[in-house]
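Student: Next one to model:
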Amino acid sequence: MDGIHDLGGQGFGPVDVDEPKEVFHEAWEGRVWGIVKAHLPEPEQAFREAFRVLRSGGRMAFTVWAAPKQGEGFGIVLGAITEHEVPDPSLPPAPPYFRFADAAETHRVFASAGFIASATSIVPQFWRHSTPDEVFAAFSEGAVRATAMLRAQPPDRQQAIRRIVRREVEQLGANGEYVIPVPAALSWARKP
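Tutor: Numbers count the residues shown, from 1 in each chain. So this is what the prediction gives:
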């Protein structure tokens, strides 16, 4: 899988997470991933590999998008999709979108890999846009699963979804700017 990079050694280098072989040979003090766990084909394997390469006392941390809520970026768009979508059976099955935003599930997976002292915190972050249409554009062009769901819709359904997203984003506007909450869940744990 492209896009996963190691942060140690001589700088950045791609890591093929689809290969089960050991890819790291040195002990590390920490591993950090940003908004990536939902895209790994076998996330438990990534947790085990991180545990293997960390030194005792080393830490692993990652972020994922927080579970959707009304009035927040993912809640606005996924709510509109749910309301108007025509399910497309040609879309491949996908892992639960917000699996690792759930602190209990994240703790369970950390613990099963051997980690201790896990915790999850919601980190506020915001997208700032100059028009209410930019949120729909962001999801229709760069949100992986949501993009596939949107592109699978007939044009009339896409327009209905776009109108709902625009209407909800307009409520978040002030002084010519639209500030959309898109919180992340930050989780971390330590190797004993």
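Student: can you tell me how far the closest residue to residue 151 other than its chain neighbours sits from residue 103?
Tutor: Across the structure, with Cβ to Cβ, 6 or more residues apart in numbering as the measure, the residue nearest residue 151 apart from its sequence neighbours is residue 140 (7.2 Å). For every residue, glycine as well, the C-beta is placed using N, CA and C. Distance check for residue 140 against residue 103: by Cβ to Cβ, to the nearest Å, it reads 30 Å.
Student: Of these two, which one has the most company?
Tutor: Summary of the neighbour comparison: residue 140 and residue 103, criterion other Cβ atoms under 10 Å, with residue 140 having more neighbours (19 against 15).
Student: ok, the residue nearest to residue 143 when sequence neighbours are not counted - how many residues close by?
Tutor: Taking Cβ to Cβ, 6+ apart as the measure, residue 143 lies nearest to residue 77, with 7.7 Å between them; neighbours along the chain are not counted. Residues within reach of residue 77, counting by other Cβ under 10 Å, total 27.
Student: Just list what the helix or strand where residue 77 lies packs against, helices and strands only.
Tutor: Following DSSP states H and E, one finds residue 77 within helix 73-84. The helices and strands touching helix 73-84, judged by 3 or more Cβ pairs under 8 Å, 6 or more residues apart in numbering; DSSP states H and E, are helix 134-142, helix 145-151, helix 155-170, strand 177-181.
Student: partner residues bridging residue 116?
Tutor: Each beta-bridge partner of residue 116 is listed here, defined by DSSP bridges: residue 190.
Student: related to what we said a few turns ago, buried sites along the helix holding residue 77?
Tutor: Of the residues in helix 73-84, 73-81, 84 count as buried by neighbour count, 16 or more other Cβ atoms under 10 Å.
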